[in-house]
Every structure is written in C-alpha cells, then in structure tokens.
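Asker: Kindly generate the corresponding structure for this input.
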Amino acid sequence: MTRLKGILWAVLTDADRHRLLERAGQMHATPQAHHCTLHYDCDFGDVHHYIGETFTVQTIANCWDDQIQAMTVRLPEMVYAQIAIPHITISKAEDINAGYATQMLQRRHFAVSQAMSFTLCIEFAEFKNPPCPS
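Answerer: Residues are numbered from 1 along each chain as shown. Model (predicted):
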C-alpha cells in the first residue's frame, strides 16, 4: 500500500500574503509569501488531523542574503513543527529553490526586527514528484 507523502504547511490568506510582501519589502525577483512549512516529507495519515486548524504567528525578523529573503516567525506552543527555524519565505532569486531559506537562516545573513501577526491555516500538499529516499 502506497502512503500519501507531502508537506504539512500553514498557509497565509491572499490578503495577508499581499500585506506581508508590502510590509517586508520584496528584495528578490520572485515573490513567495505563501506558507510556513511545518513538516516536510510526511505521511498524510500521520498529520491529517491537523488539516483545517488555524493559528496566529508573530513575526520576529526579516532576514535575507543576496539570493533569498525570509521572515522568521514564532509559532504557538500548540503547533509542532519539524523545521528548526520556522519562517515564511518572502522572495527569492529566479534560479533559487525556496528551500534554500532554511540554509540561509542557519548561516550568517542580514536581519532586521519586524513585528507583525498573521493567521495561518494548516493544509497538506501532496508531492507531485516525491523526493528520493535518504
């Protein structure tokens, strides 16, 4: 039996997406500002009970380097995330994978404090092309 694999993420509303891009200032060519990844490469059966839940995040800092920009966020205690540094990727250079934001946040980067709040809704996105096993 094949297990449904994908990403559990918390998605911004369209209005909040536009507000985040406006307030943070898009620094790179390709806008993102779509979601905060909670679990990457998870089984639907393990996380389906979270789908549809909403919660509010507080932003901490607008962070960037020459290839990507991300807003770090503080998740409520009730929300468990697999990601070491919860964030919303804001913008990226054209040839950069949005997942690079996680790497950038673990290295030296520019940052400025920026406090905002957003309500996110948890969704599951099935992998179209599942990642190769580790």
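
Asker: quick one: residue 32 from residue 17, how far?
Answerer: Distance, residue 32 to residue 17, by CB to CB, to the nearest Å: 9 Å. The C-beta positions use only the backbone N, C-alpha and C, and glycine is treated the same way.

Asker: Please tell me the pLDDT value assigned to the residue nearest the centre of the chain.
Answerer: The chain has residue 36 as the residue nearest its centroid, 2.4 Å off, counting by CA atoms, centre = their mean. Looking at residue 36, its pLDDT is 98.

Asker: report the longest helix in the chain, please.
Answerer: For the chain, the helix that runs over the most residues, judged by DSSP state H, is helix 14-24.

Asker: For it, buried residues please.
Answerer: 16-17, 20-21, 24 (16 or more other CB atoms under 10 Å).

Asker: now the residues you listed as JSON lines including pLDDT and distance to residue 90?
Answerer: Shown next, in JSON lines, are the buried residues of helix 14-24 (pLDDT from 0 to 100; distance: CB to CB, whole Å):
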{"residue": "16", "pLDDT": "96", "distance to residue 90": "12"}
{"residue": "17", "pLDDT": "96", "distance to residue 90": "10"}
{"residue": "20", "pLDDT": "97", "distance to residue 90": "7"}
{"residue": "21", "pLDDT": "96", "distance to residue 90": "7"}
{"residue": "24", "pLDDT": "96", "distance to residue 90": "5"}
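
Asker: of the residues you listed, closest to residue 100?
Answerer: Among these, residue 24 lies closest to residue 100 (CB to CB), at 17.3 Å.
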